[in-house]
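Trainee: What follows is a predicted structure for the sequence shown.
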Amino acid sequence: MLMIFSFGLKAELSLNDPAPDFELFDQDGNLHRLSDYNGQWLVLYFYPKDDTPGCTTEACSFRDDIYKIRELKTKIVGISTDDIKSHRKFTKKYSLPFPLLSDKDAVVAQSYGSVFRVGPFKMAKRHSFIISPIGKIAMIYRKVDPSSHSKEIIEKLKLLTSEN
């Protein structure tokens, strides 16, 4: 008898797909769910590791542009496989004004097609998703330049938010 296991693998996400749900804790121990952001635009950005050069550049760019992002009625949330303690240290060191969620087992990163292995460890790939107020994928970024990504997100949000 032949048995096939999929291990939760599915086709890659596409525009207008429902965003995969998540339920993760942030740096302060607060639980976040996708449903918490219903009715709002959401930038969900995955990144490999706290306090590394590219990840720091990307996070600090989002920090520096937070008022522009908020003017567009958008929330921003970062996700990596680092633990809550690491996220707390990272957000405090760089005064990050948005939540960083701990996806220790990379389950959420996997559901977004944003996970890779380094030896026995799973890490999040540097991918971003803009999620519409009705929970659909409005934009997918699979190639991200940490130094210019925040500006790229803002320009896309200007277009998306003006359409609605």
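Mentor: Everything's here; your move.
Trainee: Checking the most centrally placed residue in the chain next. Helix, strand or coil?
Mentor: The residue lying closest to the centre of the chain (CA atoms, centre = their mean) is Y45, at 2.4 Å. Following DSSP: H, G, I helix; E, B strand; the rest coil, the label given to Y45 is strand.
Trainee: Please name the bridge partners of the nearest residue to it once chain neighbours are set aside.
Mentor: Closest residue to Y45 apart from its sequence neighbours, by CB to CB, 6 or more residues apart in numbering: S128 at 4.2 Å. In short, each C-beta sits where N, CA and C put it, glycine included. Here S128 sits in beta bridges with Y45, Y141, as judged by DSSP bridges.
Trainee: check contacts around S128.
Mentor: 43-46, 139-141, 144, 149, 153 (CB atoms under 8 Å, 6 or more residues apart in numbering).
Trainee: where does the chain have low pLDDT?
Mentor: Along the chain, segments meeting pLDDT under 70 span 1-11, 164.
Trainee: Give the buried residues for the longest helix belonging to it.
Mentor: When the chain is parsed with DSSP state H, its longest helix is helix 149-163. Buried residues in helix 149-163, counted by 16 or more other CB atoms under 10 Å: 149-150, 153-154, 156-157, 160-161.
Trainee: do the same with stretch 106-125
Mentor: 106-115, 122-124.
Trainee: just the helices in the chain please.
Mentor: 53-64, 66-71, 84-94, 107-111, 149-163.
Trainee: isn't R88 right up against D28?
Mentor: Yes. With contact defined as CB atoms under 8 Å, R88 reaches D28; the gap is 7.1 Å.
Trainee: the more surrounded of these two?
Mentor: Legend: neighbour count by other CB atoms under 10 Å for R88 and D28, higher for R88 (17 against 11).
Trainee: related to what we said a few turns ago, list just the nearest of the buried residues of stretch 106-125 to T52.
Mentor: M123 (10.6 Å; CB to CB).
Trainee: Identify the bridge partners of the closest one.
Mentor: F116.
Trainee: which residues does it contact?
Mentor: 48-49, 80-81, 106, 109, 115-117.
Trainee: ok, 6 Å please
Mentor: For M123, the contact set (CB atoms under 6 Å, 6 or more residues apart in numbering) comprises 48, 81, 116.
Trainee: now do D82
Mentor: With contacts defined as CB under 6 Å, 6+ apart, D82 is in contact with D50.
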